[in-house]
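[1] A structural model of the following input is requested.
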Amino acid sequence: MKLLPAVAAQPSQSRGRLHPQPDSGPRGPRDAFQRDRDRIIHSVAFRRLRHKTQVFVAPDGDHFRVRLTHSIEVAQIGRTMARALGLNEDLTEALCLAHDLGHPPFGHAGEDALDAALADAGGFDHNAHTLRIVTRLETPYPDFDGLNLSWEALEGLAKHNGPIADPTWAMREANDDWDLALSTWPSLEAQVAAIADDIAYDNHDIDDGLRAGLLSIGDLISLPLVKRHWNAIEARHPGVATERKQRALVRDMIGTMVADVLETTTARAKDAGVETLDEVRAAGRMLAGFSETLATDERALKRFLYAHLYDAPQLQDVRKEGERVVAGLAAAYRHNPALLPPAWRSRGDEAQQIRTIGDFIAGMTDRYAIARHEELVGPVNLPADHF
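    Model prediction:
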């Protein structure tokens, strides 16, 4: 039974694309949101995600997640929830696949360094940069810049975490091109994509942390949420190897979180009395999400992961080196823009040139950033055991 089909985004009712394009022709019978998803999958920025950091630095550790595998896993979780709720699966999947396109090399460490390096030109924000990529930097079409995504896809990418009261320069630029109603709440498809991201990285970071030996089940079961699931798994599978039970733990916790979101989202939508997509946007609060009980447990899990994984000394050394690489590249290109490839030089005034340097660095994969730093600045000293 599909729970909320009345409030689903409908491709036939889309506000269209900034640059009108027919949906018929030689490219097959796909609707607007299917085309959005496919344009994202075929983009250069999407391909680059396979060599960008999720938690562990992308050049090494073949069994660990990178931005690409994370995005695919988010899309699987998001599409599952959209189907159960009766929402538009293709729009949800498109938003999940594209949500991390704007991340620079070395994940949040790279973002912090790039934000500081571009502070005098408005800084850097990965979510706003995602909009910049899909509206300006990708150029697959001869007549205009960008992927020319539907209004609904751009809206969802801009504000999947809620209304934006104080947009950054890049977000303002995208919104000036086409009003994305930044002060309203997003579609339920965008809200589901946002919570799918939380579910994916909470649980898959546990999986990667256990594999790397930075987390242990003994520590994790200090969390009531984990302990409940672990005890149930041990009761079902006595004598089974711990590693296999750890994989079951991740699956079971994802299942619990998904079921909770489905129940909670349905109840909130009914309580809010929303019957149309416009009423979802005017609801005044996020409708998709965890119940109060699970939200409390999930916040405790995030605090644990920060303390035991993201801020672990082994990863902090890598983070610091990643920040140094990005900062060094930004300084080198700002000091001598002639070091940039010809297509990236002399774009507009000084602020625009600085932002273009940010565009170029943000598009780098981890390994490309390392190679350029070694060429232009000096050696990169990643710890030998950086997974």
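
[2] so what pLDDT did the residue in the chain sticking out farthest from the centre get?
    Taking Cα atoms, centre = their mean, the residue of the chain most remote from its mean C-alpha position is Gly239, at 38.0 Å. Confidence at Gly239, expressed as pLDDT, is 90.

[3] same check on Val134?
    At Val134, the predicted lDDT confidence score is 98.

[4] before we move on, what about Pro26?
    Per the predicted model, pLDDT is 64 at Pro26.

[5] just give me the neighbour total for Leu114.
    Taking other Cβ atoms under 10 Å as the criterion, the count of residues near Leu114 is 27. Where C-beta positions appear, they are placed from N, C-alpha and C, glycine not excepted.

[6] CA atoms only for stretch 166-181, dumped as PDB, please.
    Listed in PDB are the C-alpha atoms of stretch 166-181, where the atom choice follows Å, rounded to 0.1, in the frame of the first residue of the first chain:
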ATOM      1  CA  ASP A 166      20.800  33.200   4.400                       C
ATOM      2  CA  PRO A 167      22.000  31.800   1.100                       C
ATOM      3  CA  THR A 168      25.700  31.900   0.200                       C
ATOM      4  CA  TRP A 169      26.800  33.700  -3.000                       C
ATOM      5  CA  ALA A 170      26.600  30.500  -5.000                       C
ATOM      6  CA  MET A 171      23.100  29.700  -3.800                       C
ATOM      7  CA  ARG A 172      22.000  33.300  -4.500                       C
ATOM      8  CA  GLU A 173      23.500  33.100  -8.000                       C
ATOM      9  CA  ALA A 174      21.500  29.900  -8.800                       C
ATOM     10  CA  ASN A 175      18.400  31.400  -7.300                       C
ATOM     11  CA  ASP A 176      18.800  34.700  -9.300                       C
ATOM     12  CA  ASP A 177      18.800  32.600 -12.400                       C
ATOM     13  CA  TRP A 178      15.600  30.900 -11.400                       C
ATOM     14  CA  ASP A 179      13.600  31.500  -8.200                       C
ATOM     15  CA  LEU A 180      13.800  28.300  -6.200                       C
ATOM     16  CA  ALA A 181      11.500  29.500  -3.400                       C
END
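
[7] buried sites along whatever helix or strand Gly78 lives in?
    Gly78 is part of helix 67-85 when elements are defined by DSSP states H and E. When neighbours are counted by 16 or more other Cβ atoms under 10 Å, the buried residues of helix 67-85 are found to be 67-68, 70-75, 77-82, 84-85.

[8] which residue packs closest to Val226, ignoring adjacent ones?
    Leu220 (4.6 Å; Cβ to Cβ, 6 or more residues apart in numbering).

[9] quick one, what contacts the one you found?
    If you count contacts by Cβ atoms under 8 Å, 6 or more residues apart in numbering, Leu220 has them with 206, 226, 230, 304.

[10] shouldn't the second one be within a helix?
    It refers to Val226. Yes - with DSSP: H, G, I helix; E, B strand; the rest coil as the criterion, Val226 is part of a helix.

[11] burial check on it, number of neighbours?
    Other residues lying near Val226 total 20 when counted by other Cβ under 10 Å.

[12] gap between the residue nearest to Val226 and Asp177?
    As defined by Cβ to Cβ, to the nearest Å, Leu220 lies at a distance of 46 Å from Asp177.

[13] using the three-state scheme, assign the residue farthest from the centre of the chain.
    When classified by three-state DSSP, Gly239 comes out as coil.

[14] now Ile164
    From three-state DSSP, the assignment for Ile164 is coil.

[15] remind me which helix or strand the nearest residue to it once chain neighbours are set aside belongs to.
    Sequence neighbours aside, Leu182 is the residue nearest to Ile164 in space, at 4.4 Å (criterion: Cβ to Cβ, 6+ apart). With elements taken from DSSP H and E, nothing contains Leu182; it lies in neither a helix nor a strand.

[16] please consider this matter closed, and thank you.
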